[in-house]
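> Let's see this in three dimensions:
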Amino acid sequence: MHLSARAEELLLEGGTVRGLVYRDSTSARVSVAADLVVGADGRFSRIRRLAGLIPSRAPQPVEYL
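Reported below is the predicted structural model:
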């Protein structure tokens, strides 16, 4: 795990994600090859945006008083 890291780009090979490039806490660019890349960076996910994925809009539940 790399704390205070910022994803910069996904590493693609033949249209498949094979890793990512990130900036660490010292602003150095680091490339990491991976079989699986998981974006656990929240509602406004940079990983999702880099991958070109669009979140689906689910209807919001209605609260009854």
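
> Off-centre distance for stretch 26-44?
Distance of stretch 26-44 from its chain centroid, counting by C-alpha atoms, centre = their mean, to the nearest Å, is 6 Å.

> pLDDT averaged over it - what is it?
Averaged over stretch 26-44, pLDDT sits at 89.

> List the contacts of that stretch.
Residues from elsewhere that reach stretch 26-44, judged by C-beta atoms under 8 Å, 6 or more residues apart in numbering: 2, 5, 7-8, 10-11, 17-24, 45-48, 51. No exception for glycine: its C-beta is placed from N, CA and C like everyone else's.

> and those residues, which of them are in strands?
Residues of the contacts of stretch 26-44 located in strands (DSSP state E): Ala7, Glu8, Leu10, Leu11, Val17, Arg18, Gly19, Leu20, Val21, Tyr22, Arg23.

> Those into TSV, with extra columns for distance to Val37 and pLDDT?
Listed next are those as TSV, based on distance: C-beta to C-beta, whole Å; pLDDT from 0 to 100:
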residue	distance to Val37	pLDDT
Ala7	9	91
Glu8	13	94
Leu10	7	96
Leu11	9	96
Val17	5	94
Arg18	8	96
Gly19	7	96
Leu20	6	94
Val21	11	96
Tyr22	11	94
Arg23	16	93
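
> Thanks a lot, see you next time.
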